[in-house]
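J.: Here's my sequence, what's the structure:
(chains A, B and C)
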Amino acid sequence: MANTPIIEVQHITKRFKGLTAVKDVSFSIREGGITGMIGPNGAGKSTTFNMICGYYPPTEGRIFFRGQDITSKKAYDYTNMKIARTFQIMKPLKNLSVLENVVASCYFGHAAAKNEHEARERAIDILQFTGLYEKRHILSKDMGTPDQKRLEMARALATKPELLFLDENMAGLNPAETEAAIELIRQINQSGVTIFLIEHIMQAVVSLCESVIVLHHGEKIAEGTPGQVMNDPYVMEVYLGTKGGAAYA
Amino acid sequence: MNNNVKAVRAYRRNLSIALGLILLVFVLIPVFVKSPYVLNVFVLIFYMSTLSMAWNLLGGMTGQNSLGHAAYMGLGAYASCLLITKAGANPWLSALFAMVAVGLVAGVIFYPCFILRGPYFTLVSIAFGEAMRQFIINSSFFGRASGVGLPFGKDSLLDFRFMSKVPYYYVGLVMLLGIYLLMKKIERSRMGYALRTIREDEDAAAAIGINPTKYKVMAVVVSAMVAALVGFFYASYIRYIDPELMVQAKSTESVLPAVVGGAAYVEGPLVGGLIMIPLSEFLRAHFSAMLPGINMLMYAVVLITVIRFRPTGILGWYMHSKAKDFIDVKVLKKPPIEVLEAVELEKNRGKEA
Amino acid sequence: MSIFLQACVNGLLIGGFYSLMGMGQNVIFGVMKIVNFCHGEMLMVGMYLTLLLSTHLGLDPYACVPLVAILMFLLGALIQHTLITPSLRTNSFTNLLFLTVGMGMLLSNLALVLFGSEYRTIPTSYSQTYITLGPVNLSLPRLISFGVLIVISIALFAFLKYTTTGKQIRAVSQNPVGAEVVGINAKRIYILTYGLGTALAGVAGALLTGFYTIFPTAGSAFGFRALIVVVVGGLGSIPGAFFAGIFLGILETMVALFISPSYSDLIVFVTFIVILVVRQLIIIRRK
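T.: I've put the predicted structure just below:
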């Protein structure tokens, strides 16, 4: 089982009208673990992410989920395959309450709730798990960044994923909030969800990820454990600079 | 806990009494009001608010702004009228047919418009309405510009034909209530959550497994079907239809109750209709002979004022007002929301066990 | 053949108006991403302004054009500043849409209240003058109007391309946040843009008065066609709107000539729907 990666990306390339955003990137994600992707701004992380999540197809290359080719799947097919994602720029359903935000998610995906009772009950469980329960009646547009980031995760979790993609879920959080978010991600992982995340905050990557992929100018330049990657001379040169690696927040 | 259950039951009872009283007033109006003019205003409120609810499913709930609802209504009216006059069909059956036909046409025409984002849907809805109107004006089968009349005759429920306005009042009220309950049901269902998620953000919708195109097509089909039903009601009530029914201005009129009342709420079109239609009729009756256009001018002023100063409509303003707090707490004795939630949860658990 | 040529020329002459309307609509859409549903009514206001100026000041309709442009610019700027800019903040497209729809209702009914529903014209000494060019007869007022609006179109194009303000307008259309970051005052650009769009519609109205009747709903046909023009020519594209307008004018006169004048509206709207739907389907295929 553990030998088939949950996601396998083979030689994907994305060109936008002559601009190559991602070039021949391959990697795989181990089931049950936490894999991270780092790289400077404009390295092609979000593009890669959006291709894996079906928001646009790669120009070349293939993507496999548990051995099945999902390259041409549409974004809305993903929750049925037990995959969920969050967005770097949060997309809360602004004019709906926090509870309704999560109820909406409970209605869809592979384990969609059959009626409103079930959806509400599941939503309440998820809100308790993510620490948003007390704020369930607030409109989501009235919450601050840390809570909106949490809501992004809650909405994704409500579709009962086995694989969760987190797109810069800690950007803009202060150290204490980051610590709390790391703890939440760890708990989600321990409940059996494989996690793939993009992050700028090194502290989070180092403490969470068992494996890290580094992108630069759309190409993969390194892969390995956080320790290996951080000591890779090329990575240190192009991404981390000469010193003070954690400064890229 | 026991006290909580009692409090919730008392609140539910108060709410039912309040709603029952409102409904009773509407049921009793024809008993006390004999003026055909006043009854006509009520019938107008009923069908225009229903049309506005149909619009609101697309506009308010899904964020797809149609400016072609007069056309769906007109097509529904024409389809049912022609079936009655040319094929001798029973009116009620013809209504059913008209709804299905208009729903299908709307679904097929608008499917491609929903795939791209942007204002395309609005623009096509205008062009669709205008194209249909021009088609009817040029088609002798549809009676050209002179329209189609329905036969007069003895009162009959089977033929949906009455001399008095009272039966239309009650049928209109039933139609309004039926469509209201349908919209309420949709709002709380999977479809309602899908539509509202799409309204807020289509990417976010796709991320949780909603196919935006599919749900938008569903919304336009249901909305057009309800508009067609209103068209049937209108044709049976006025007993004469012509292409003027489908002009652009009528589509705009069908939107106003929803926007003024509060497009984010299923009740918005009802509140807006109850205020705007009597106002418009009053202005028309008292001023339009002296100054043609003054009623629509006032209408436009109200619309612009509401959008500018109360962008969430009258209901949106009420929902955050002291008046609501007062009515909820003092009149209806509404318990805190936590109590309501706890009792509901308990009840559901009891059901499942 | 001469009938065909005559129809072509007539189509061209009326198509120029659709172009001008479409370009105004597109400037507004480009910057604020809202469709201006009272664009046709602005044309109608331009017509009545011309009527007032020519009857009370005794001006020739064409001499009114610069005055109408200035007055309409001020009207547009006022509407933008007091109504649209504050509503942009609510971020509700429904509200913005019905704000402009409401403005349209307000203006056309205001005209009805003030001027009644009579059809009016501005008689001039040259209104019945024709110029014969080979097989084609050209009405002098139509020809002058077309000439003026071609000049205006070129001026608009040059304005957007070469002046600082024009560049700022284009910057805001392409990236409002980026434009704000480099110090462009978005509110000022909004006012300028809506004023400009309104002035273009008003000028179109003024130019029409030479050969067209004036009545409270005179603008709606042009408003509709401006919408068609922007969609067919590409939302936000100024040259696209120009050519789509000319195409629409010629299409209309051709339908009137070869089928029947009463079908020209129907064919125009159906063509619009077909073009739009087919284009969407092609885009889906490519995806």
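J.: Okay, and residue B:229 sits in which element?
T.: Per DSSP states H and E, residue B:229 falls inside helix B:212-238.
J.: Please name the bridge partners of the residue nearest to the spatial centre of chain A.
T.: Residue closest to the average C-alpha location in chain A (C-alpha atoms, centre = their mean): residue A:166, at 1.7 Å. With DSSP bridges applied, residue A:166 shows beta-bridge pairing to residue A:197.
J.: Tell me if residue A:58 really is in a strand.
T.: No. Applying DSSP: H, G, I helix; E, B strand; the rest coil, one finds residue A:58 to be coil, outside a strand.
J.: List the contacts of the closest residue to residue B:14 other than its chain neighbours.
T.: Excluding its sequence neighbours, the residue lying closest to residue B:14 (C-beta to C-beta, 6 or more residues apart in numbering or on different chains) is residue B:332, at 4.5 Å. Any C-beta I mention is one placed from the backbone N, CA and C, and that applies to glycine too. When contacts are counted by C-beta atoms under 8 Å, 6 or more residues apart in numbering or on different chains, residue B:332 touches B:11, B:14-15, B:18.
J.: Can you classify the residue of the stretch 1-150 of chain B found nearest chain A by secondary structure?
T.: Relative to chain A, the nearest point of the stretch 1-150 of chain B is residue B:63 (10.2 Å; C-beta to the nearest C-beta). Three-state call for residue B:63 (three-state DSSP): coil.
J.: And the pLDDT for it?
T.: pLDDT recorded at residue B:63 is 90.
J.: Can you name the residues that contact it?
T.: Contacts of residue B:63 (C-beta under 8 Å, 6+ apart): B:198-200, C:93-94.
J.: element containing residue A:20, please.
T.: Assigned by DSSP H and E, residue A:20 falls in strand A:19-29.
J.: Show me what that strand is packed up against.
T.: If you count contacts as 3 or more C-beta pairs under 8 Å, 6 or more residues apart in numbering or on different chains; DSSP states H and E, strand A:19-29 packs onto strand A:7-16, helix A:45-52, strand A:60-65, strand A:211-216, strand A:219-224.
J.: I'd like the average pLDDT over stretch A:222-230.
T.: Mean pLDDT, computed over stretch A:222-230, is 88.
J.: any chance of the contacts of residue B:63 in TSV, plus secondary structure and distance to residue B:291?
T.: Output for those, formatted as TSV (DSSP: H, G, I helix; E, B strand; the rest coil; distance: C-beta to C-beta, whole Å):
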residue	secondary structure	distance to residue B:291
B:198	helix	43
B:199	helix	39
B:200	helix	43
C:93	helix	34
C:94	helix	31
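J.: Going by neighbour count, which of these comes out on top?
T.: residue B:198 (25 neighbours; other C-beta atoms under 10 Å in any protein chain shown).
J.: quick one: that residue and residue B:216 touch, right?
T.: Yes. With contact defined as C-beta atoms under 8 Å, residue B:198 reaches residue B:216; the gap is 6.6 Å.
J.: Common neighbours of the two, please.
T.: residue B:62.
J.: tell me the contacts of residue A:225?
T.: Per C-beta under 8 Å, 6+ apart, neighbours of residue A:225: A:210-212.
J.: on that earlier part again, could you say what helices and strands the helix holding residue B:229 packs with?
T.: Using 3+ C-beta pairs under 8 Å, 6+ apart, helix B:212-238 sits against helix B:36-56, helix B:69-87, helix B:91-115, helix B:166-188, helix B:190-200, helix B:202-207.
J.: For residue A:130, find the nearest of those helices.
T.: helix B:202-207 (16.6 Å; C-beta to C-beta).
J.: Show the secondary-structure elements that that closest one is packed against.
T.: helix A:145-157, helix B:190-200, helix B:212-238.
J.: TSV please, covering these and showing mean pLDDT.
T.: What follows is the helices and strands packed on helix B:202-207, written out as TSV (pLDDT from 0 to 100):
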stretch	mean pLDDT
helix A:145-157	92
helix B:190-200	95
helix B:212-238	96
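J.: quick revisit: could you pick out the buried ones from the contacts of residue B:332?
T.: Neighbour counting with 16 or more other C-beta atoms under 10 Å in any protein chain shown marks residue B:11 as buried within the contacts of residue B:332.
J.: now the helices and strands packed on strand A:19-29 in CSV, with mean neighbour count and distance to residue B:283?
T.: CSV is the format used below for the helices and strands packed on strand A:19-29 (neighbours: other C-beta atoms under 10 Å in any protein chain shown; distance: least, C-beta to C-beta, whole Å):
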stretch, mean neighbour count, distance to residue B:283
strand A:7-16, 18, 55
helix A:45-52, 23, 54
strand A:60-65, 18, 62
strand A:211-216, 23, 65
strand A:219-224, 18, 69
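J.: Can you add distance to residue C:232 and give these back as TSV?
T.: Output for those, formatted as TSV (distance: least, C-beta to C-beta, whole Å):
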stretch	distance to residue C:232
strand A:7-16	26
helix A:45-52	31
strand A:60-65	35
strand A:211-216	42
strand A:219-224	42
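J.: Can you tell me which of those is nearest to residue C:239?
T.: strand A:7-16 (23.8 Å).
J.: quick one, the closest one and strand A:60-65 angle?
T.: If you take axes from the mean of the first three to the mean of the last three C-alpha atoms, to 10 degrees, strand A:7-16 sits at 150 degrees to strand A:60-65.
J.: what helices or strands is strand A:7-16 leaning on?
T.: Applying 3+ C-beta pairs under 8 Å, 6+ apart, we find strand A:7-16 packed against strand A:19-29, helix A:45-52, strand A:60-65.
J.: okay, now residue 162: neighbour count?
T.: Here I'm looking at chain A. 16.
J.: wait, chain B
T.: Applying other C-beta under 10 Å, we find 17 other residues in the vicinity of residue B:162.
J.: Tell me which residues touch it, please.
T.: Here residue B:162 is in contact with B:155-156, B:168 (criterion: C-beta under 8 Å, 6+ apart).
J.: at 7 Å what do you get?
T.: Neighbouring residues of residue B:162 by C-beta atoms under 7 Å, 6 or more residues apart in numbering or on different chains: B:155, B:168.
J.: From residue C:116, how far out is it?
T.: 39 Å (C-beta to C-beta, to the nearest Å).
J.: for stretch B:173-183, which positions count as buried?
T.: Neighbour-count burial for stretch B:173-183 [16+ other C-beta under 10 Å]: B:173, B:175-176, B:179-180, B:183.
J.: Which member of these is positioned nearest chain A?
T.: Using C-beta to the nearest C-beta, those come closest to chain A at residue B:183, 15.5 Å.
J.: returning to that earlier point: also within reach of chain A: list those from the contacts of residue B:63.
T.: Subset of these in contact with chain A: residue B:200, counting by C-beta under 7 Å from any C-beta of the partner chain.
J.: List just the nearest of the contacts of residue B:63 to chain A.
T.: residue B:200 (4.0 Å).
J.: The closest one against residue A:100, yeah?
T.: No. Using C-beta atoms under 7 Å, residue B:200 makes no contact with residue A:100, being 10.3 Å away.
J.: residues near the residue in the stretch 201-350 of chain B that chain A sits nearest to, how many?
T.: Nearest residue of the stretch 201-350 of chain B to chain A: residue B:209, at 3.3 Å (C-beta to the nearest C-beta). By other C-beta under 10 Å, 23 other residues sit near residue B:209.
J.: ok, now which ones touch the closest residue to it other than its chain neighbours?
T.: For residue B:209, ignoring the flanking residues on the chain, the nearest one in space by C-beta to C-beta, 6+ apart is residue A:79 at 3.3 Å. Going by C-beta under 7 Å, 6+ apart, residue A:79 touches A:108-110, A:159, B:208-209.
J.: let's go with 6 Å and repeat that
T.: A:108-109, A:159, B:208-209 (C-beta atoms under 6 Å, 6 or more residues apart in numbering or on different chains).
J.: distance of it from chain C?
T.: Distance of residue A:79 to chain C, computed by C-beta to the nearest C-beta, to the nearest Å: 21 Å.
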